[in-house]
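Chemist: here is the input, now give the coordinates:
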Amino acid sequence: MTASQQDYSAGAAFVAGAYVPIAEAKISVLDWGFTRSDVTYDVVHVRDGGFFRLADHLDRFERSLAGMRLAPPHDRAEIAAILARCVALAGLRDAYVAMICTRGRPRIFGSRRPADCDNAFIAYAIPWIDVIPKDVQERGAHLHVASIPRTASASVDPTIKNYQWGDLTRGLLEAHDRGADTAVLLDAEGYVTEGPGFNVFVVRDGQVLTPDRGSLEGITRRSVLELCDEIGLPARIAPLRHEDLLQADEMFCTTTAGGVMPVSRVDGHVMGNDRPGPVSARLKALYWEKHAAGWHRTPVDYTDPDRPLAGRVV
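Modeler: Residues are numbered from 1 along each chain as shown. All right, here's what the predicted structure looks like:
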């Protein structure tokens, strides 16, 4: 069956060497990615038909693979081509695009040796996702500082993207129980780390600050630090504690799935006029203006979806 005969409108995936509609993407229940969360991944977005900072996401994926001692059956160029093909098959101009490598299934049934597994690569492209919905961003998200501590970095390295979300999910449930939109977690020593799928920033006395520990080295986080440097806004990576959140003039979150997302409340602390602050709004606007101007853009080739390319269409 050719690509044009399939319905990829909800998204396209690459699994076991084949392109399939997203609803048909599956892995074995024996894959250690499922049974042990022995997996790493990365997510890049497409905006107006172009990847944003694709090379940086591929760089981070390669570092995560090395950190997890995983080796997918495709090289960097092939992975980039597979990601683009998923986007093109789905015909998405704005997309959330994932690349995943799992430990795979043991070749020897019952083996507990990671070396006995054949690592598996999966990719997919689905319509755009906002971690914090757009209407919530407009009024500013309400965050809850979770009582659940972030898993220690010595146990699970937060700079390697992973699906170990037990602490983040518990924090998110706690936030929702309290009527907040999402959560931010502290480490066991009381330092600010990150939220479920995003980095955090505070603005205080004209400075932009983001935590120095317990969090992913986000690509959007990096972009914001670059934008601050570009417009002469003091910004740095620094240790932050709970009280720093409660004394902030402004706060915002950053992620591939949403960009710069303003916050208006942290627990009982209401910032500004309970709306996104001026620095947050300026950085959000500049972030998307730079996108529109082609900043770090890699265009997607949408032509001829039936052409042969890194895998078969089924």
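Chemist: output the below-cut-off pLDDT ranges for the stretch 101-250 of the chain.
Modeler: Residue ranges of the stretch 101-250 of the chain with pLDDT under 70: none are present.
Chemist: now do the strands in it.
Modeler: For the stretch 101-250 of the chain, the strands defined by DSSP state E, counting those that start in this stretch occupy 120-127, 141-145, 182-184, 199-204, 207-211, 235-238, 250-255.
Chemist: show me what contacts the closest residue to residue 22 other than its chain neighbours?
Modeler: Closest residue to residue 22 apart from its sequence neighbours, by C-beta to C-beta, 6 or more residues apart in numbering: residue 11 at 3.5 Å. Yep, even glycine has a C-beta here, placed from its N, CA and C like the rest. By C-beta atoms under 8 Å, 6 or more residues apart in numbering, the residues touching residue 11 are 21-22, 86, 90, 92, 124-127.
Chemist: possible to save the strands of the stretch 101-250 of the chain as JSON lines with distance to residue 292?
Modeler: Below are those laid out as JSON lines (distance: least, C-beta to C-beta, whole Å):
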{"stretch": "strand 120-127", "distance to residue 292": "20"}
{"stretch": "strand 141-145", "distance to residue 292": "24"}
{"stretch": "strand 182-184", "distance to residue 292": "27"}
{"stretch": "strand 199-204", "distance to residue 292": "22"}
{"stretch": "strand 207-211", "distance to residue 292": "23"}
{"stretch": "strand 235-238", "distance to residue 292": "23"}
{"stretch": "strand 250-255", "distance to residue 292": "18"}
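Chemist: in a markdown table, list the ones you listed along with mean neighbour count and distance to residue 46.
Modeler: As requested, the strands of the stretch 101-250 of the chain are exported to a markdown table (neighbours: other C-beta atoms under 10 Å; distance: least, C-beta to C-beta, whole Å):
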| stretch | mean neighbour count | distance to residue 46 |
| --- | --- | --- |
| strand 120-127 | 22 | 7 |
| strand 141-145 | 22 | 24 |
| strand 182-184 | 26 | 24 |
| strand 199-204 | 23 | 21 |
| strand 207-211 | 21 | 25 |
| strand 235-238 | 15 | 27 |
| strand 250-255 | 27 | 15 |
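Chemist: closest to residue 301 out of these?
Modeler: Closest to residue 301 of the strands of the stretch 101-250 of the chain, according to C-beta to C-beta: strand 120-127, at 13.5 Å.
Chemist: give the contact list for residue 252.
Modeler: Shown in contact with residue 252 (C-beta under 8 Å, 6+ apart): 200-201, 203, 260-263, 276, 280, 283-284.
Chemist: what's the local residue count around residue 189?
Modeler: Using other C-beta atoms under 10 Å, residue 189 has 11 other residues around it.
Chemist: now do the phi/psi pair for it.
Modeler: phi -90, psi 0 (degrees, to the nearest 10).
Chemist: relative to residue 156, how far out is it?
Modeler: Taking C-beta to C-beta, to the nearest Å as the measure, residue 189 and residue 156 are separated by 16 Å.
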